[in-house]
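**Q** Task: produce atomic coordinates for the following.
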Amino acid sequence: MALNGEQIGYAATSRQMVESGYYTRILDKIPDVRKCRDVLEVGVGPGGWLLALARMLGENAHLVGGDIAEEWLCVTGERLAEEGFKSFQLMILDAQALPFAAESFDLVISSLVLPYVGDEKQACGELARVLRPGGKALVLYHSPKHLFRRLFRAKLKTRLYSLAGIVSTLLYFALGRKLLKNTFQTASRLESAFLGKCSAFYKDSGENGIGTICFVKGEASGA
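**A** Numbering: from 1, shown residues only. All right, here's what the predicted structure looks like:
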């Protein structure tokens, strides 16, 4: 399945991030991450996280990845196969209704996905539901800082604050939700969505506007 120009660029950036160790550095901040054996990523995109996990965990782990875009599943599958990794499963997934039994995974990853689901709290509840007690959920999100970075880039490209450049940037961020304000998450908003299911133990607002927050599911969370 052919990718468009923007997707090709995204896939190339993801590959560079894998080779630079970006994903591994974040993963290593999660306690006992190298002991995880059942891993789920919701929204695999071009496969950077799963590729980093495959290299980190090896064939002793079973990786499951899902996305609503079939082309990303193809790209991810090809990248894992190129590495010789065989213990993985890819499928079309709805983050709001995961087709897995409760307590199926040691680690769940959702990277820049939540703005594009209809019910954010429902999706977070599903991530928590499929985690085993003591399991970790790693969530990456766009913070408002990311918008200003995009606007700054638009200025550099046009060498002036053109109305068209600013409007197009605002529309880019509004695609995931009807209202622009709902396109962004904050750590407190995500903690609220996971309230009663998991607790946050690591947060990083991120200099590039990509925030990171990691949750752990309690032994008696009831989720």
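**Q** can you pull out the helices in the protein?
**A** 5-20, 22-27, 48-57, 70-82, 120-129, 144-158, 163-174, 187-194 (DSSP state H).
**Q** right, so of those helices, which gets closest to residue 109?
**A** Checking the helices of the chain against residue 109 by CB to CB gives helix 48-57 as the closest, at 5.4 Å. Placement of C-beta: from N, CA and C, glycine included.
**Q** what's the angle from that closest one to helix 70-82?
**A** Calculated by axes from the mean of the first three to the mean of the last three CA atoms, to 10 degrees, helix 48-57 forms an angle of 20 degrees with helix 70-82.
**Q** residue nearest the centroid of this structure?
**A** The centroid of the chain falls nearest to residue 111 when counting by CA atoms, centre = their mean (1.0 Å).
**Q** so that one bridges to which residues?
**A** Per DSSP bridges, the residues bridged to residue 111 are residue 140.
**Q** Could you break this structure into its assigned domains?
**A** 5-143+185-217, 150-183 (automatic domain parsing).
**Q** Verify the contact between the residue nearest to the centre of the chain and residue 43 for me.
**A** Yes - at 6.3 Å, residue 111 and residue 43 qualify as touching, with contact defined as CB atoms under 8 Å.
**Q** circling back: mind listing what the residue nearest to the centre of the chain touches?
**A** Residue 111 is in contact with 41, 43, 45, 49, 138, 139, 140, counting by CB atoms under 8 Å, 6 or more residues apart in numbering.
**Q** rerun that using 10 Å as the cut-off
**A** Contacts of residue 111 were listed using CB atoms under 10 Å, 6 or more residues apart in numbering, and they are 23, 26, 41-45, 48-49, 138-141, 210, 212.
**Q** Considering those residues, which possesses the most neighbours?
**A** Using other CB atoms under 10 Å as the neighbour criterion, residue 44 leads the contacts of residue 111 with 29 neighbours.
**Q** Report the separation between residue 188 and residue 206.
**A** Residue 188 sits 15 Å away from residue 206, taking CB to CB, to the nearest Å as the criterion.
**Q** Over to residue 95?
**A** Distance, residue 95 to residue 206, using CB to CB: 21 Å.
**Q** Comparing those two, which residue is more hemmed in?
**A** Each of residue 95 and residue 206 has its neighbours counted (other CB under 10 Å); residue 95 has more, 23 against 16.
**Q** tell me the phi and psi of the more buried one?
**A** Torsion angles at residue 95 (phi, psi; degrees, to the nearest 10) stand at phi -60, psi -20.
**Q** Wait, it touches residue 119, no?
**A** Yes - counting by CB atoms under 10 Å, residue 95 touches residue 119, with 9.2 Å between them.
**Q** lowest-confidence helix or strand of this structure?
**A** helix 144-158 (a mean of 52; mean pLDDT, DSSP states H and E).
**Q** my guess is residue 103 contacts residue 130, does it?
**A** Yes - with contact defined as CB under 10 Å, residue 103 counts as touching residue 130 (7.1 Å).
**Q** Neighbour count for these two, which is higher?
**A** residue 130 (23 against 15).
**Q** Can you check the pLDDT for the more buried one?
**A** Confidence at residue 130, expressed as pLDDT, is 97.
**Q** Roughly how far does it sit from residue 50?
**A** Taken as CB to CB, the span from residue 130 to residue 50 is 16 Å.
**Q** per-residue confidence for the closest residue to residue 3 other than its chain neighbours?
**A** In space, and not counting its chain neighbours, residue 3 is closest to residue 71: 6.0 Å by CB to CB, 6 or more residues apart in numbering. On pLDDT, residue 71 comes in at 95.
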